[in-house]
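Fold the following and give me the result.
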Amino acid sequence: MPAGSDYKISALRELKEELGIDASISQLHYIGTSYSDSFHIFHEQPFHNVQVSRVYILWYDGPMTLQKEEVENVKWMPFRLCQQAVLENQMPHCIKKEELEMIENYLEEEKYESISQ
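Residues are numbered from 1 along each chain as shown. Purely as a prediction, here's the structure:
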């Protein structure tokens, strides 16, 4: 995402490019912001990597067209199974523990709200 870009607009663009999903801003549910700051050696040079990620939920049940250069595959699974696989490094991923916690909290709130209505 280029510096200064709008998070939601960028999320919608990436959904369309990588998964072929046409969504609208109103369908994105913001659930939190994740920060990371790390130092690495990259091509024998010091590299300072600072990332700010906004995390959104999108409820979607439809077709996908995967961009083969960016997405190898998509696998549907229950959240708890996904959470366990990510935390135990049982599958390739780029999800952080705190992002999984944001999703878990959101799902718990949704469950509570649906029960109380």
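
and the gap between N49 and L100?
As judged by Cβ to Cβ, to the nearest Å, N49 and L100 stand 20 Å apart. C-betas here are computed from N, CA, C, even on glycine.

which secondary element of this protein has the worst mean pLDDT?
Lowest mean confidence among the helices and strands of the chain (mean pLDDT, DSSP states H and E): helix 97-116, at a mean of 84.

tell me which residues in it are buried?
99-100, 102-103, 106 (16 or more other Cβ atoms under 10 Å).

Closest one of those residues to H43?
E99 (28.1 Å; Cβ to Cβ).

List the buried residues of the helix or strand containing R13.
Using DSSP states H and E, R13 sits in helix 7-14. Residues of helix 7-14 classed as buried: 7-8, 11-12 (neighbour count, 16+ other Cβ under 10 Å).

Just send the residues you listed back as a markdown table, with pLDDT and distance to Q83 too.
Converted to a markdown table, those look like this (pLDDT from 0 to 100; distance: Cβ to Cβ, whole Å):
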| residue | pLDDT | distance to Q83 |
| --- | --- | --- |
| Y7 | 92 | 24 |
| K8 | 94 | 25 |
| A11 | 95 | 21 |
| L12 | 96 | 25 |
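
Just send these back as a markdown table, with distance to C82 too.
As requested, the buried residues of helix 7-14 are arranged in a markdown table below (distance: Cβ to Cβ, whole Å):
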| residue | distance to C82 |
| --- | --- |
| Y7 | 23 |
| K8 | 24 |
| A11 | 19 |
| L12 | 23 |
